[in-house]
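J.: Below is the sequence, then the predicted model.
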Amino acid sequence: MTTGHGHHHGFGRVRHALAPHSHDSTDRVDDALETSRRGIRALVWSFAALFATALVQVVLVLLTGSVALLGDTIHNFADALTALPLGLAFLLGRKAATRRYTYGLGRAEDLAGVVVVLIIAGSAVLSAYEAIRRLIDPQPVTHLWVVAVAGVAGFAGNELVARYRITVGRQIGSAALVADGLHARTDGFTSLAVVLGAAGVALGFPAADPIIGLVITAAILLVLRDAAKEVFRRLMDGVDPSTVEHAELAARAVPGVRDVADLRMRWIGHRLHADLAIRVDDTLTVDEAHRLAHEVEDRLRETTPRLAAAVIHTEPAAKAGIA
């Protein structure tokens, strides 16, 4: 990854003289690659765990005929498959910026988040269809203890995967990976619902199984809502307001900075980019203002988690409005 920043210097009669500057940062490149590696590693291990769980559940569905367990199995397969677009996005995000894609391909991760949302929606539709079909045309559920054991195993597997994905996703700043982890967590609770369905059938209430299937569908829809909101915010360049406020305070704390204005931040993949204006004493030389802009960028990268680069504009404090 190549990062750069430009500084606009306005002093005396020259209110805004553009002095572009760029440099490569090996540390930031290594950090970006490491976060992508961690994301890919989390996806590989969680994909293997969920796919194995789903395969075992397929066999148990054929054995028991439980539609609730079928719904849980469908959801587990869907959750495992979401690793594929996310893995591709992480690989694309590691590619260097080019003349055409000057910010690199980090946005592929946001597009992968959209695919994750669509997969979750598809699993909800399929789960609802199977549950309604079974309500209309009831079928016997056998081997109830097997259904119960499968539900408990599904919960354990999904919760482990969820904790892993959410933890890594938050550490590297990946909204898509966090959304995928939340998806897995809900899968775990829907697996426990399968146990309730089995208990209901055992107590002489056959409709409990498809009803639990509908409950699972409702749980999937709740996850869909939360995941869609998170991914939509990223697509619309949404940033936590506290992060913006923290960055403003950090920039103002640099000696020589009189004020900060027009701070904008956006996510590109799981890396933040910032753009801001700092107001400085108009007696500073171009070289002094240039060094001050570097100090502000360094301070921002030290205090703002996952900040990849900042574009700093310098303005004379006395004539900032005119500039």
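T.: Good, I have the coordinates.

J.: what ranges of the protein fall below the confidence cut-off?
T.: By pLDDT under 70, the low-scoring segments of the chain are 1-36, 139-141, 175-176, 319-323.

J.: Kindly list the longest helix within it.
T.: Using DSSP state H to define each element, the chain has its longest helix at helix 26-64.

J.: what's the next secondary structure element after that helix?
T.: helix 67-81 (DSSP states H and E).

J.: tell me the SS of the residue nearest to R264 when sequence neighbours are not counted?
T.: Counting by CB to CB, 6 or more residues apart in numbering, R264 lies nearest to D275, which is 4.7 Å off, once chain neighbours are set aside. The way it works is simple: take the backbone N, C-alpha and C, and place the C-beta from them, glycine included. Secondary structure assignment for D275 (DSSP: H, G, I helix; E, B strand; the rest coil): strand.

J.: List the contacts of D275.
T.: 262-265, 310-311, 313 (CB atoms under 8 Å, 6 or more residues apart in numbering).

J.: repeat for W145
T.: A198.

J.: next one: whichever strand or helix holds it to chain centre, how far?
T.: Assessed by DSSP H and E, W145 sits inside helix 144-172. Here helix 144-172 is found 19 Å from its chain centre; the criterion is CA atoms, centre = their mean, to the nearest Å.

J.: relative to helix 67-81, how tilted is that helix?
T.: Put simply, helix 144-172 runs at 30 degrees to helix 67-81, going by axes from the mean of the first three to the mean of the last three CA atoms, to 10 degrees.

J.: in helix 144-172, what counts as buried?
T.: Within helix 144-172, the residues scored as buried using 16 or more other CB atoms under 10 Å are 144, 146-148, 150-151, 154-155, 157-162, 164-166, 168-169, 171-172.

J.: What of stretch 282-302?
T.: Quick answer for stretch 282-302 (16+ other CB under 10 Å): 282, 284, 288-290, 292-293, 295-297, 299-301.

J.: Nearest to G93 among these?
T.: Nearest to G93, judged by CB to CB, of the buried residues of stretch 282-302 is R301 at 18.9 Å.

J.: picking up where we left off before, quick one: which of the contacts of D275 is most hemmed in?
T.: A310 (24 neighbours; other CB atoms under 10 Å).

J.: which one is that residue nearest to, not counting chain neighbours?
T.: A310 sits nearest to A274 (CB to CB, 6+ apart), 4.2 Å away.

J.: Repeat that for A184.
T.: Using CB to CB, 6+ apart and skipping the chain neighbours, the partner closest in space to A184 is A162 (3.9 Å).

J.: and what of L224?
T.: Spatial nearest neighbour of L224, excluding adjacent residues (CB to CB, 6+ apart): I120 at 4.8 Å.

J.: Can you name the residues that contact the residue nearest to A184?
T.: Residues counted as contacts of A162 (CB under 8 Å, 6+ apart) are 181-182, 184-185, 187-188.
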